[in-house]
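A.B. asks: Sequence first, predicted model second:
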Amino acid sequence: MTSPAPVLDLAAIRADFPLLGERVNGHPLVYLDSGATSQKPQAVIDAEVAFLTRSNSAVHRGAHTLAAEATELFEDARATVAGFVGAQPEQLVWTSGATAGLNLVAYAIGNASAGRGAPASARFALAPGDEIVVTETEHHANLIPWQELAARTGAVLRHIPVRDDGTLDTDAAATLIGDRTRIVAFPHVSNVLGIVNPVGDLVALAQGVGALTVLDACQSAPHLPLDLPSLGVDLAVFSGHKMLGPYAIGGLYGRSEVLEALPPFLTGGSMITTVTLDEAQYLPPPQRFEAGTQPVSQAIGLAAAVRYLDAAGMAAVHAHEKALEARMGEGLRAIPGIRLLGDATEVERVGLWAFDVAGVHAHDVGQFLDARGVAVRVGHHCAQPLHRRFGLTASVRASAALYNTPEDVDTFLDALSGVRAFFGAGS
Amino acid sequence: MTSPAPVLDLAAIRADFPLLGERVNGHPLVYLDSGATSQKPQAVIDAEVAFLTRSNSAVHRGAHTLAAEATELFEDARATVAGFVGAQPEQLVWTSGATAGLNLVAYAIGNASAGRGAPASARFALAPGDEIVVTETEHHANLIPWQELAARTGAVLRHIPVRDDGTLDTDAAATLIGDRTRIVAFPHVSNVLGIVNPVGDLVALAQGVGALTVLDACQSAPHLPLDLPSLGVDLAVFSGHKMLGPYAIGGLYGRSEVLEALPPFLTGGSMITTVTLDEAQYLPPPQRFEAGTQPVSQAIGLAAAVRYLDAAGMAAVHAHEKALEARMGEGLRAIPGIRLLGDATEVERVGLWAFDVAGVHAHDVGQFLDARGVAVRVGHHCAQPLHRRFGLTASVRASAALYNTPEDVDTFLDALSGVRAFFGAGS
Amino acid sequence: MSGLESLYQELILDHSKRPQGRGLADEEGRNATSHQRNPICGDEITLRVRVGDDGAVRDVTWEGAGCSISQASASMLAALVAEEDGMPRAEASALIDGFREALRSRGELPLDEEVFGDAAALSGVSKFTARVKCAMLAWVAFEDALART
Amino acid sequence: MSGLESLYQELILDHSKRPQGRGLADEEGRNATSHQRNPICGDEITLRVRVGDDGAVRDVTWEGAGCSISQASASMLAALVAEEDGMPRAEASALIDGFREALRSRGELPLDEEVFGDAAALSGVSKFTARVKCAMLAWVAFEDALART
Ligand SMILES: Cc1ncc(COP(=O)(O)O)c(C=O)c1O
Ligand SMILES: Cc1ncc(COP(=O)(O)O)c(C=O)c1O
């Protein structure tokens, strides 16, 4: 007898998110833009407010009671968030978000290439002709930092192509990733395609040539049970605001020996041991990477967010979102003139679909849906190369989170089915 | 007839700060650690909560109603905060804090030195032997980024010494700043000495040799009326959490022609025009410097904070804090065994004093005061070189903000007067 | 859906489906071309103005891809210029300024049909701040191209 | 001020004013030195252990600057080692582990005076999480120095 899949108490969950009760343009809000940013449960807001009104004080810097309390809450938050992704507290560096985390890694490698942090960091140094491999599906945040790093070091940027069905061309990857490859950076889940990429295969290819792996876990952390150490990646990033947490906070996970060897990126207070006017010595990770006053209340808010997700259960969250994704996919395929991006079958997915509507510009689709209270994202979703690959400049994306209902999906589909007629784009 | 100096309604102000009503170790809290981080008025907390519960959505990225609303609130916040420092909205770049702002500048110059952003950015490029001038009073945040930039580019770091009385040695500065000087970075107010530095003199010296000026306004923005354009500096930074605002947000001000010529630092979404797999084109400032999801609710919180300060009136805030500073200075001079750091007379000051207690370690002083509910900061305050200059490794710092009362100062002084006896350090 | 219909007036949908001035004229006589993009949604336009020896604007042609608002706005602009036999530069500048002001007014300043012709139907856009850029795209290109002649 | 007095017990203030083991012994025989800093408050210690041919710890001497807790803790450690005529390494390791565990216990595990001697007076520190590092400094140096012999 297998135990039944855990289910979410949707009514209770929705009641925890004050914004979901809003009305937009005379209709109840149907929020299907969680891929851009999620809504926050009251527990997250309360945790931050409680900190600010009762314990607020500088952390790691004071001896007074408030400061000691704040430091404890801050470090407890680190342990909680690290635990959520299967990591040890010292393997979690606070960042201001995924973009900052990816820039941290790229700049730290740039610094290693300039000889900073040697000898420990020498293994990361890039030389002209060394290769950095990304994918054609990248969010700009996991693309441009590598372009810039390549431009500064003379390294060459290469890309794993995406197949017509949205899956990564792993055959091409096996050819691309070779002796010159030093870094392989890729998304766990693309924010346009929603497909869970074969992390294990890519990690194996990278490890085979001794390349560093960097995982963009922005679109998986809010939706899947995540154990970063067991995925085997060297480094990974995620953003708090996409996983029910506050803005301006994110995490960089790193394998201990990688973090220990990496030179710092941002420099300033609280990341040093001894400073003279001419030079500074740096603390071990994670503090080495946390210069200046940290996002203290936000860390505490993010800890509340992952506790919320944990309480719901990530397996249940994933199962729920999978059902929403299936309902949405089916409905979309049934509407004439809709072309789904990345319609591969037999793949694991999160609850999002991006699509093109024949004869109607994405912006107009978005506006039309908005008039019915349905919030979706339109544009290139910070993935211009991927859109170009599919012959588009823009698409519409509907993305769900644990708080969405089947009715949300139906309202969206129902509204969408009227869009081509309204704009006179044929039935 | 001159109009009387505006005064603060202290009782009303204190009532706006929930944390100030807390008790610590059985005593009412006397919070004298605002130099590290300030407390937040209810209005700031409410502004963030209102945004998160009613308008939360991705900005600059969506066409739906919530997104448009969020974008407007976010850009209104920019205009408000820019106005607070006398700047235009497009001259204000959001950062995660002063440390991030200073690193942004140092790395952008490093990128210019690597040829990025040329030809416009060529004027910022550093060559071996070029000089960067800082002061001996720097917070590590305005020191280490320049050390690292120097190490990467071959530039040389030099420092304006501080006199025994805590004033900058402007005679030495006039000799130091010369033809090789490319950058002059200095604090408006040192976080240890509290003295308002002669910005005009330093800017004149720098402009005389065509050097870029970078002002660390962390400890002035919360305490003085500030008009950055009229100070004549090229770039300036401040931190939200020190000026009644949220954590994880700060501002970088730049003269328009400087920001326009500076290459980007962090790269990713929302700062580009066209991206191919191989390269990216960048937006004009301020967006060029704002990669990825921004600290949206925090920007809105910071706008509420500066509105709060504006309503109190920065002239009144300064006058109030000046009176607290005078009372504190007098009281400290009267306690045997206390040595004030930077006891220059006839200088403008903010409300903070750092000092050494003969025979008692700063940590023990802090603990002793904490037992009486008085929260001060002990340690090197992220200014090791300055402490070394004064023959110390640590000091005690009491720092006031607009919400402190003369009674706070008296409680602190009264508690402090017992510290040497308790630790048996003579009368 | 009154909000939607105030934005997408019949006239706008008509222009977006049957755009005027579409297809760039040859580069003959005094002409200048401007390329503009809206980085957020990826809309682009290439717009060409031709001016007579008297400096008056003779015609506006364009090529582009984008939402119905941006397409209609370009079409309406071309139609407005076509109505006159040579639009004086000063008039063109005044039109651009007036259009921008109205669109940024958040619904406060409607566009006068006498002055803006069909483009007056774009008044409703000013209440949709996220769409103002779409409507402005062709006009920014027009301004830029004029500055280059 | 009962909190304060539970932290700064008489014995602690005594040790900090008249520290034992202060002044580094010459580097003779089997010895090793460790330098440790607390980056937050700038406290530092240089601690030297000398071990006999049997591997037992013969003495601990140190130099350093810091708060009364860190100074007292170093002094108490030196005194504890001095009490025995050669402390077996295993005992030293067990002491370090026990001390660390007690200090991290947030007041749950008091230090046994039978085992830790005067250092047992440091039990109260464990309730002041910001000060635990001060008390640990000498013991971390001791552990590190031992590892180097
Ligand atoms: C003078 C000065 N500069 C820079 C900083 C760094 O600010 P933050 O830690 O908010 O980045 C501080 C505060 O710690 C400061 O007082
Ligand atoms: C796949 C992916 N990577 C990176 C990012 C960047 O995250 P952030 O904007 O929070 O820095 C996003 C979100 O926009 C994303 O979806």
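C.D. replies: Nice, thanks for sending it over. Ligands and ions are numbered 1, 2, ... in the order given.
A.B. asks: how many neighbours does residue A:271 have?
C.D. replies: By other Cβ atoms under 10 Å in any protein chain shown, 26 other residues sit near residue A:271. All C-beta atoms are positioned from the backbone trio N, CA, C, and that covers glycine.
A.B. asks: near chain B, which residues of chain C?
C.D. replies: Within chain C, the positions adjacent to chain B are C:37, C:39-41, C:128-131 by Cβ under 8 Å from any Cβ of the partner chain.
A.B. asks: any chance of those in JSON lines, with neighbour count and distance to residue A:103 too?
C.D. replies: Listed next are those as JSON lines, based on neighbours: other Cβ atoms under 10 Å in any protein chain shown; distance: Cβ to Cβ, whole Å:
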{"residue": "C:37", "neighbour count": "18", "distance to residue A:103": "25"}
{"residue": "C:39", "neighbour count": "22", "distance to residue A:103": "20"}
{"residue": "C:40", "neighbour count": "22", "distance to residue A:103": "21"}
{"residue": "C:41", "neighbour count": "26", "distance to residue A:103": "25"}
{"residue": "C:128", "neighbour count": "23", "distance to residue A:103": "34"}
{"residue": "C:129", "neighbour count": "17", "distance to residue A:103": "30"}
{"residue": "C:130", "neighbour count": "25", "distance to residue A:103": "28"}
{"residue": "C:131", "neighbour count": "25", "distance to residue A:103": "32"}
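A.B. asks: Closest to chain A out of these?
C.D. replies: residue C:41 (4.8 Å; Cβ to the nearest Cβ).
A.B. asks: That closest one: what's its closest spatial neighbour, skipping adjacent residues?
C.D. replies: residue A:379 (4.8 Å; Cβ to Cβ, 6 or more residues apart in numbering or on different chains).
A.B. asks: ok, now which ones touch the one you found?
C.D. replies: For residue A:379, the contacting residues are A:362-363, A:394-395, B:61-63, C:40-42, by Cβ atoms under 8 Å, 6 or more residues apart in numbering or on different chains.
A.B. asks: tell me the phi and psi of it?
C.D. replies: phi 130, psi -150 (degrees, to the nearest 10).
A.B. asks: Read off the pLDDT value for it.
C.D. replies: pLDDT, residue A:379: 92.
A.B. asks: And it, how far from residue B:55?
C.D. replies: Using Cβ to Cβ, to the nearest Å, residue A:379 is found at 20 Å from residue B:55.
A.B. asks: Can you pull out the low-pLDDT segments for the chain?
C.D. replies: I went with chain A, as the question did not name one. A:1-5, A:61-62, A:427 (pLDDT under 70).
A.B. asks: think we crossed wires, I meant chain C
C.D. replies: C:1-2.
A.B. asks: List, one by one, the residues from it near chain A.
C.D. replies: Residues of chain C lying near chain A (Cβ under 8 Å from any Cβ): C:1, C:3-4, C:7-8, C:13, C:17, C:40-44, C:65-69, C:128, C:131, C:134.
A.B. asks: Swap in 10 Å and give it another go.
C.D. replies: Residues of chain C found near chain A (Cβ under 10 Å from any Cβ of the partner chain) are C:1-5, C:7-8, C:13-14, C:16-17, C:37-44, C:65-71, C:128, C:130-131, C:134.
A.B. asks: Can you tell me which of the residues you listed end up in helices?
C.D. replies: Using DSSP state H, C:2-5, C:7, C:13-14, C:16-17, C:68-71, C:134 are the members of those that sit in helices.
A.B. asks: As CSV, those residues with distance to residue B:368 and neighbour count would be great.
C.D. replies: Formatted as CSV, those follow (distance: Cβ to Cβ, whole Å; neighbours: other Cβ atoms under 10 Å in any protein chain shown):
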residue, distance to residue B:368, neighbour count
C:2, 69, 9
C:3, 65, 16
C:4, 68, 16
C:5, 72, 12
C:7, 67, 24
C:13, 76, 17
C:14, 80, 15
C:16, 75, 24
C:17, 80, 15
C:68, 72, 23
C:69, 68, 29
C:70, 68, 28
C:71, 73, 26
C:134, 65, 29
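A.B. asks: and which of those residues is nearest chain A?
C.D. replies: Nearest member of those to chain A, counting by Cβ to the nearest Cβ, is residue C:4, at 3.9 Å.
A.B. asks: Quick check: the closest one vs residue B:190, distance?
C.D. replies: 58 Å.
A.B. asks: tell me the contacts of residue C:59?
C.D. replies: Neighbouring residues of residue C:59 by Cβ atoms under 10 Å, 6 or more residues apart in numbering or on different chains: C:21, C:25, C:29, C:31, C:48-52, C:78, C:81-82, C:86-87.
A.B. asks: Which of those residues sits closest to residue A:116?
C.D. replies: Distance to residue A:116, by Cβ to Cβ, is smallest for residue C:48 among the contacts of residue C:59, at 51.2 Å.
A.B. asks: Which stretches in the stretch 201-350 of chain A count as strands?
C.D. replies: Using DSSP state E, counting those that start in this stretch, the strands of the stretch 201-350 of chain A run over A:212-216, A:235-239, A:250-254, A:272-275, A:280-282, A:338-340.
A.B. asks: Please determine how far the most centrally placed residue in chain A is located from residue A:166.
C.D. replies: Nearest to the geometric centre of chain A sits residue A:218, at 0.8 Å (Cα atoms, centre = their mean). Using Cβ to Cβ, we find residue A:218 at a distance of 17 Å from residue A:166.
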